[in-house]
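Visitor: Show me the folded form of this:
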Amino acid sequence: MKAACFSKFVSFDNQPPNFVMAIQRICVQDNSARHRIRAMTVPALELRRIDATCNMRRFYRLGIAPDLFGGVRLVKAWGRIGTQGRSIAEFHNDEAVAADAMQKHAERKRRGGYSDN
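Guide: Numbering: from 1, shown residues only. I've put the predicted structure just below:
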């Protein structure tokens with residue numbers, strides 16, 4: 001009998017579901033009731049760019065979450081503060097590679113005028 005895999009998403013600070021800490025619960029493939037819990041170790045990041053003279057209020061969110069095929073996806077979202085904005089996902093094989101890509105995107109945005117909350 002194959003073990004079933006379940007994912008549970010826990011939200012923090014009213015973030016959209018794709019920017020939450022993702023906890024994946026995987027059943028062990030034997031008759032015991034033991035479970036292994038894997039959590040993404042990189043927290044979501046939100047950057048903002050606000051310029052009142054130009055009526056500019058932008059956000060840029062980066063988050064890492066597991067995908068259904070054992071890989072990791074880097075979810076990027078952007079838009080005007082107060083809206084849901086747009087999002088896109090990049091797929092990576094490893095969490096370390098996704099975290100490195102997340103840091104590169106964050107540094108690029110910081111050079112463009114975005115800052116941490």
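Visitor: ok, which stretches of this structure are strands?
Guide: Ranges of strands in the chain, per DSSP state E, are 5-10, 21-27, 35-39, 45-51, 56-66, 72-80, 86-92, 115-116.
Visitor: Tell me the bridge partners for H92.
Guide: In this structure, H92 bridges to V72 when assessed by DSSP bridges.
Visitor: Confirm for me that it is in contact with G71.
Guide: Yes - under the contact definition of C-beta atoms under 8 Å, H92 touches G71, with a separation of 6.3 Å. Using the backbone N, CA and C atoms, a C-beta is placed for each residue, glycine as well.
Visitor: In terms of packing, which of those two has more residues around it?
Guide: Shown here are H92 and G71; by other C-beta atoms under 10 Å, H92 has more neighbours (19 against 14).
Visitor: now that one: how far from R61?
Guide: Distance of H92 to R61, given as C-beta to C-beta, to the nearest Å: 17 Å.
Visitor: pull the helix or strand with minimum mean pLDDT from the chain.
Guide: strand 21-27 (a mean of 40; mean pLDDT, DSSP states H and E).
Visitor: tell me the contacts of the closest residue to G112 other than its chain neighbours?
Guide: In space, not counting the residues next to it along the chain, G112 is nearest to R49; the distance is 7.6 Å by C-beta to C-beta, 6 or more residues apart in numbering. The contact partners of R49, taken as C-beta atoms under 8 Å, 6 or more residues apart in numbering, are 56-60, 112-115.
Visitor: which among these gets closest to P66?
Guide: Of all the contacts of R49, P66 sits closest to Y60, with 21.9 Å by C-beta to C-beta.
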